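Novice: Would you be able to build a 3D model of this:
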Amino acid sequence: MKKLFALLFLLAFFTNVMSQHHPVFEEGKCWSVDMTKWGEEVLYTSTFVVRGDSVVNGKRYKKVYVTHKDDLKDLELYYLGRDEKGVAYILEDEIEYCFFDFNLRAGDEFVYELGTRSSAADDCKWIVTDVSSIETADGLIRKCFDVEVYEYWSDAEEPGWYKAPYPFTYIEGIGEADNGLFVDYCISCTGGGIRKLRCLHNVYGNHIYGTGENCNKLSVDATKGEQENEGALYDLKGNKLNIKPQNGVYIQAGKKYLKKRGSSF
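Specialist: Presented below is the predicted three-dimensional model:
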């Protein structure tokens with residue numbers, strides 16, 4: 001009886017561990033992605049930093065900033081991101097998209113909504129070909145998804161689904177293995193450039209994934225600076241406001257407020 005109890009306990013323990021998801025969007029994470037000339041010469045580096053929160057329609061998002069400068073100055077809000085039950089979402093232009101579903105299994109199809117915005121194809125779908133696991137530099141075991149991309153071309157001589165030449169690999173808690181947090185994977189849109197995720201570090205500057213070169217300082221610097229004032233005001237897109245709006249909705253200390261013209265609050 002004791003052996004059976006111990007076996008059930010271990011089974012429940014490992015089931016719980018395996019069911020835990022590693023979120024993509026965590027405070028202080030810092031991705032460095034090189035834009036290369038066909039995978040060789042580095043043209044420039046895009047750095048993504050998760051810093052601060054924003055509440056939109058009752059959902060709490062993390063703010064994802066991007067810069068092309070090594071010193072992390074002139075950060076621009078890229079989009080808002082959140083994780084829920086193994087699914088990563090992004091909010092852009094007040095529309096929420098699924099960034100990736102880390103609950104998928106081999107053979108599952110995934111409709112990539114983001115790809116339809118800039119692609120010439122009428123539709124885009126991905127098929128998960130394999131699900132495995134890897135151990136990252138921080139000692140965590142993360143699920144790894146190999147994905148094939150198919151696009152439907154209606155203006156082709158023979159309209160139908162065509163397999164794209166650029167498969168993707170998604171890693172739990174990291175994003176896409178080469179593109180990181182980019183949402184536009186169109187190679188032709190970059191003038192022939194190829195993106196390569198150089199490295200990812202957490203808020204403490206600890207290396208998680210990639211080569212780790214020239215990233216530790218960026219990650220540490222990303223956490224420095226003045227802490228955001230609890231009384232700061234933001235619009236629904238997460239942009240900081242200098243003054244309280246005279247009319248409309250704004251966010252303060254994680255709460256949404258409606259300001260009507262002529263009201264005193």
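Novice: which strand is the longest one in the chain?
Specialist: Scanning the chain for the longest strand, with DSSP state E as the assignment, gives strand 41-56.
Novice: Against which helices or strands is it packed?
Specialist: In terms of contact count using 3 or more Cβ pairs under 8 Å, 6 or more residues apart in numbering; DSSP states H and E, strand 41-56 is assigned the packing partners strand 30-37, strand 59-67, strand 76-84, helix 216-222, strand 248-252, strand 255-259. The C-beta positions use only the backbone N, C-alpha and C, and glycine is treated the same way.
Novice: For the fourth one, what does the pLDDT average out to?
Specialist: Helix 216-222 shows a mean pLDDT of 54 in the predicted model.
Novice: got it, and the second one?
Specialist: Along strand 59-67, the predicted confidence averages to a pLDDT of 94.
Novice: and for it, what are the contacting residues?
Specialist: Identification of contacts with strand 59-67 by Cβ atoms under 8 Å, 6 or more residues apart in numbering yields 25-27, 46-55, 73-82, 90-91, 96, 181, 238, 254.
Novice: quick one on the thing from earlier: what angle do the longest strand of the chain and strand 30-37 make?
Specialist: 140 degrees (axes from the mean of the first three to the mean of the last three Cα atoms, to 10 degrees).
Novice: Name the residues of strand 41-56 that are buried.
Specialist: Neighbour-count burial for strand 41-56, with 16 or more other Cβ atoms under 10 Å as criterion, is recorded at 45-56.
Novice: shaky segments in the stretch 1-150 of the chain?
Specialist: Within the stretch 1-150 of the chain, the ranges that satisfy pLDDT under 70 run 1-19, 39, 71, 115-123.
Novice: could you show me where the strands are in the stretch 51-200 of the chain, in order?
Specialist: Taking DSSP state E, counting those that start in this stretch as the test, the strands found in the stretch 51-200 of the chain are 59-67, 76-84, 87-92, 95-101, 109-111, 123-135, 141-153, 160-163, 168-171, 175-176, 193-201.
Novice: Just say which of those strands is most tucked in.
Specialist: Among these, judged by mean count of other Cβ atoms under 10 Å, the one packed with the most neighbours on average is strand 175-176 (a mean of 24).
Novice: average pLDDT for that strand?
Specialist: The model assigns strand 175-176 a mean pLDDT of 94.
Novice: ok, now which ones touch residue 165?
Specialist: For residue 165, no residue counts as a contact, taking Cβ under 8 Å, 6+ apart as the criterion.
Novice: how far away is it from residue 147?
Specialist: Computed with Cβ to Cβ, to the nearest Å, the distance linking residue 165 and residue 147 is 13 Å.
Novice: can I see the domain layout of the chain?
Specialist: When the chain is parsed into structural domains using automatic domain parsing, the resulting residue ranges are 24-225, 230-265.
Novice: OK, contacts around the nearest residue to residue 83 once chain neighbours are set aside?
Specialist: Of all residues not flanking residue 83 in the chain, residue 23 sits nearest, at 3.8 Å (Cβ to Cβ, 6 or more residues apart in numbering). Applying Cβ under 8 Å, 6+ apart, one finds that residue 23 lies in contact with 83, 88, 173.
Novice: Specify which member of those is nearest to residue 132.
Specialist: The shortest approach to residue 132 among these belongs to residue 173, at 14.9 Å (Cβ to Cβ).
Novice: Quick check: the residue nearest to that closest one when sequence neighbours are not counted vs residue 136, distance?
Specialist: Spatially, and ignoring its direct neighbours in sequence, residue 173 is nearest to residue 22 (3.2 Å; Cβ to Cβ, 6+ apart). Using Cβ to Cβ, one obtains 9 Å as the distance from residue 22 to residue 136.
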